[in-house]
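**Student:** Have a look at this prediction, sequence included:
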Protein chains: 2
Amino acid sequence: MINFVLDPKAGIPFYRQIIDQIKYGIVSGRLKIGEQLPTVRGLAVELKINLNTVSKAYKELEIQNVLETQQGTGTFVNKVDVNLPKKERMKKLQDICNEFSTIAFSYGFSIQDIIVELKKHTDEN
Amino acid sequence: MINFVLDPKAGIPFYRQIIDQIKYGIVSGRLKIGEQLPTVRGLAVELKINLNTVSKAYKELEIQNVLETQQGTGTFVNKVDVNLPKKERMKKLQDICNEFSTIAFSYGFSIQDIIVELKKHTDEN
DNA sequence: TATATTGTACTAGTTTTATAGTACAATATT
DNA sequence: AATATTGTACTATAAAACTAGTACAATATA
């Protein structure tokens, strides 16, 4: 469960602020797998924005395989598909890590830097 | 030295395509530290776009501390600035790690999986 | 010091994005 | 089956982003 907050002065679109908070919620463990998110209307009222703005955030996360949605029922944190062929999974992991280290390098971080930082995440869980 | 190519159909702004190619060029080693980039006019002519579009790419990379520019002289690959305020660097590293652990999570990988994969990269170097 | 070369600033036009309003469709519940 | 609840689709509008044209400013060089 997340306490959503929007900052109109942040210069970051509302729908993106929502996306970021959901993602961070998942990584930090405050949002569990299978947990239902607020309804588009519910969150829209809470944040005093249009329901389509919430919907847009949810849809983008659905495309990214983070959320799953069922009309009439609600939107949920997706159980991840761990049943892909192993080769495919390894390929995907490599892709993610390649992309990851490329970006990190461009900011002057080493792989060691990253590993140290990532380990902090595991310690928390 | 990079062979720049633009894809007008990619749906990615020209200036961003340029940014990506420069970043990748640096990470891949085709662009060395201190090397001069094409002039804004030169690259604009080569790519048949306006010089301001090239300038925009260079400026964003300057903000990101990837490039360094001197009016009348040119634009160069910056030595990576490891002297940024430590807090800022740590924040950036956290952002990068958050983003990627989220993606990895959405594909069913744990942070441990990533660390193991990343370590293979360090072994290679 | 004149001129060429390099990046910058300002402006304008077009396209894309972000948000909202409102009507619709699917599912759950009574 | 009727109704409530949930997400979706379509439209409109304002703001932001993208690109270009053109004039300016700083530096290098002849």
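**Tutor:** Nice, thanks for sending it over.

**Student:** Mind telling me which residue of chain A is nearest DNA strand C?
**Tutor:** Nearest residue of chain A to DNA strand C: A:Gly72, at 2.5 Å (C-beta to the nearest atom of the strand). Just so you know, the C-beta spots here come from the backbone N, C-alpha and C atoms, and that holds for glycine as well.

**Student:** what helix or strand is that residue on?
**Tutor:** Assigned by DSSP states H and E, A:Gly72 falls within no helix or strand.

**Student:** Could you report the separation of it from A:Gly29?
**Tutor:** 29 Å (C-beta to C-beta, to the nearest Å).

**Student:** again, but for A:Pro8
**Tutor:** Distance from A:Pro8 to A:Gly29, by C-beta to C-beta: 28 Å.

**Student:** how about the residues of chain A that lie near DNA strand D?
**Tutor:** For chain A, the residues in contact with DNA strand D (C-beta under 7 Å from any atom of the strand) are A:37, A:39-42, A:51-52, A:55, A:58-59, A:69-75.

**Student:** Run through the bridge partners of the nearest residue to A:Gly74 once chain neighbours are set aside.
**Tutor:** Leaving aside its chain neighbours, A:Gly74 sits nearest to A:Gln36 (5.0 Å; criterion: C-beta to C-beta, 6 or more residues apart in numbering or on different chains). On the basis of DSSP bridges, A:Gln36 is bridged to A:Phe76.

**Student:** burial measure for A:Gln36, as a count.
**Tutor:** Look at A:Gln36: counted by other C-beta atoms under 10 Å in any protein chain shown, it has 12 neighbours.

**Student:** returning to what we had before: which of A:Gly72 and A:Gly29 has more residues huddled nearby?
**Tutor:** A side-by-side neighbour count of A:Gly72 and A:Gly29, using other C-beta under 10 Å, places A:Gly29 first with 10 against 4.

**Student:** pLDDT score assigned to the more buried one?
**Tutor:** pLDDT, A:Gly29: 81.

**Student:** same check, this time on A:Lys86
**Tutor:** The model reports A:Lys86 with a pLDDT of 70.

**Student:** Equivalent analysis for A:Ile96, please.
**Tutor:** Reported pLDDT for A:Ile96: 80.

**Student:** tell me the angle the biggest helix by length in chain A makes with helix B:86-106.
**Tutor:** Counting residues, the longest helix found in chain A (DSSP state H) is helix A:86-106. Angle of helix A:86-106 versus helix B:86-106, following axes from the mean of the first three to the mean of the last three C-alpha atoms, to 10 degrees, is 170 degrees.

**Student:** just checking, what packs against helix A:86-106?
**Tutor:** Secondary-structure packing of helix A:86-106 (3 or more C-beta pairs under 8 Å, 6 or more residues apart in numbering or on different chains; DSSP states H and E): helix A:111-124, helix B:14-28, helix B:86-106, helix B:111-124.

**Student:** ok, residues contacting stretch A:59-75?
**Tutor:** Contacts of stretch A:59-75 with the rest of the structure, by C-beta atoms under 8 Å, 6 or more residues apart in numbering or on different chains, involve A:15, A:19, A:22-23, A:26, A:36-37, A:39-40, A:58, A:76-81, B:102-103, B:105-107.

**Student:** Between its first and last residues, what's the separation in that stretch?
**Tutor:** Start and end residues of stretch A:59-75 are separated by 10 Å (C-alpha to C-alpha, to the nearest Å).

**Student:** Same check on stretch A:4-22?
**Tutor:** End-to-end distance of stretch A:4-22 (C-alpha to C-alpha): 9 Å.
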